[in-house]
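[1] With the input below, show me the fold.
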Amino acid sequence: MKLTLINPPSHYLENDAAYPPSGLLYIAGKAEELGHSAEIIDLTGRTDWGSGLSHVEQSDLFGITCVTPNVPTVLRIMDMLPKETPVMIGGPHPTALPYDTITRAQRDHTIVLGEAETILEQILKDVEKDSIKQFYYGGDAPVESIPMPARHLVNLHRYKPGGQAATPVYLSRGCPYRCRFCSNMSRKMRIFSLDRIKRELEEVRELGFKTVVFGDDNCIIALNKLGVDNVLEIFKDVGISFRINQDARHYSRELFEKYVEAGCTDISFGIESGSQDILNAMNKQITVEQNAEAINLAQVAGLRVRAYFVVNFPGETQQSVDETIRFIEEHTPDSALLSSFAPLPGSYVFDHPWEYGITYMSPDWSDYFLVGKGGEFKPCYATEDLSFEQQINYHRQIKEVIS
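    As a prediction, the model looks like this:
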């Protein structure tokens, strides 16, 4: 059987082709492991993405990944596919709101909730028997069931995370933290083995990459579980440098110096806000002082620091914005990225809007993007104390500081 997986464009992003479609590469790897063929159609990075579907080859099953702001685009893609071929939709949005996805589509399709690796074999068997179901629950795939990603199906050198030649490698799946803005599909942490990590690094090195990016949102958990020294020794043995994302709750100058020694050049922290009140409202379980010290120690160790900030979370005020601006000016990360807040389906705020005084949420899912082209910002919700106008003003103030 043939499985064709489609990565939709994200026109709201400055560069929607910065990262390869890693989730689809894992699913394609599983299909090949089961003895089927797989194809990936990546529609990112092009203005004429519709033409990428005009000559689509026949397949036994189409699969489309879907995040919330891409819902309208995914529905358009579905309409362009051969009507006689079943379509499965997966990803964060259908996992959080499966019935929303079902009812908006104008054609029959199936929804995969959670991770598809454990359920793909059954889906393909049902397609073969012409008895595909409306819903499949993949849940959290056991780590041993997750295949090597089928990197050979795309041109990895087309993608440049952070504008540099690199490719992502993952140490784990899931995140145990409960930040209230996050719509993470899985809270169950699963960590790949040291042998698996080494094989992946060797594979990307053979593909011509000299640098990898840890794709994990918070890889320090996996590093601590596997042993920081054990993982870093692999990087030294393979001879490949890396950039890392991690939580600022776990830091020390010794840790950052080990990163540098093993070939790390850049580290990114989810700082989010310079206001303790906002951090508490987000359930970040970290202090402003910890964030500041993590930035300082990383820079002292020789790492370039990128800080991620979120503006317009419920409870944002002029005082909290001023505190964030002061934090940026005093602790001077080497670069920064500002995201807006959107109550994404699957997040705590989306599920408990009354706790935050939310009086309006946009019915148009395309409004729920976090970082727009050129820093574009469009509020998609409001509270009793946080109007659209205030959100736009707060966003402008912080953007001027980090630009």
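[2] CA atoms only for the helix or strand of the chain with the lowest mean pLDDT - export them in CSV, please.
    Ranking every helix and strand in the chain by mean pLDDT, DSSP states H and E puts helix 51-54 at the bottom, with a mean of 78. What follows is helix 51-54, C-alpha atoms only, in CSV (Å, rounded to 0.1, in the frame of the first residue of the first chain):
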residue,chain,number,x,y,z
SER,A,51,0.0,23.5,-7.9
GLY,A,52,1.8,21.0,-5.6
LEU,A,53,-1.4,19.1,-5.4
SER,A,54,-2.6,19.5,-9.0
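[3] Can you give me the buried ones in it?
    Gly52 (16 or more other Cβ atoms under 10 Å). (Each C-beta comes from the backbone N, C-alpha and C, glycine too.)
[4] next one: stretch 54-70
    56, 59, 61-70.
[5] same thing with stretch 175-188?
    Applying 16+ other Cβ under 10 Å to stretch 175-188 flags 175, 177, 179-186 as buried.
[6] before we move on, what about stretch 363-380?
    365-370, 372, 375, 377-380.
[7] Same check on stretch 215-228?
    So, applying 16+ other Cβ under 10 Å, buried residues of stretch 215-228: 215-223, 226, 228.
[8] Same question for stretch 343-363.
    343-350, 353, 356, 358.
[9] For His93, give its distance to Val67.
    Noted for His93: a distance of 6 Å to Val67, by Cβ to Cβ, to the nearest Å.
[10] Just give the closest residue to the residue nearest the centre of the chain, not the sequence neighbours.
    Nearest to the mean C-alpha position of the chain, by Cα atoms, centre = their mean, lies Asp217 at 7.5 Å. Using Cβ to Cβ, 6 or more residues apart in numbering and skipping residues adjacent in sequence, the residue nearest Asp217 is Cys175, 5.7 Å away.
[11] Surely that neighbour is in contact with Arg187?
    Yes: counting by Cβ atoms under 8 Å, Cys175 does reach Arg187; the two are 6.7 Å apart.
[12] And the chain, what are its domain boundaries?
    2-144, 160-402 (automatic domain parsing).
[13] Over to the first one now: how far is its first residue from its last?
    Just to be clear, that refers to domain 2-144. 24 Å (Cα to Cα, to the nearest Å).
[14] what do you get for the longest one?
    According to Cα to Cα, domain 160-402 extends 22 Å from its N-terminal end residue to its C-terminal end residue.
[15] ok, Arg190 to Ser340 distance?
    For Arg190 relative to Ser340 (Cβ to Cβ), the value is 30 Å.
[16] Of these two, which one has the most company?
    More crowded of Arg190 and Ser340, by other Cβ atoms under 10 Å: Ser340, with 24 against 17.
[17] Glu400 versus the spatially most distant residue from the centre of the chain, what's the distance?
    Distance from the centre of the chain peaks at Lys129, with 34.3 Å (Cα atoms, centre = their mean). Distance, Lys129 to Glu400, by Cβ to Cβ: 59 Å.
[18] which residues touch Gly302?
    Residues near Gly302 by Cβ atoms under 8 Å, 6 or more residues apart in numbering: 256-257, 260.
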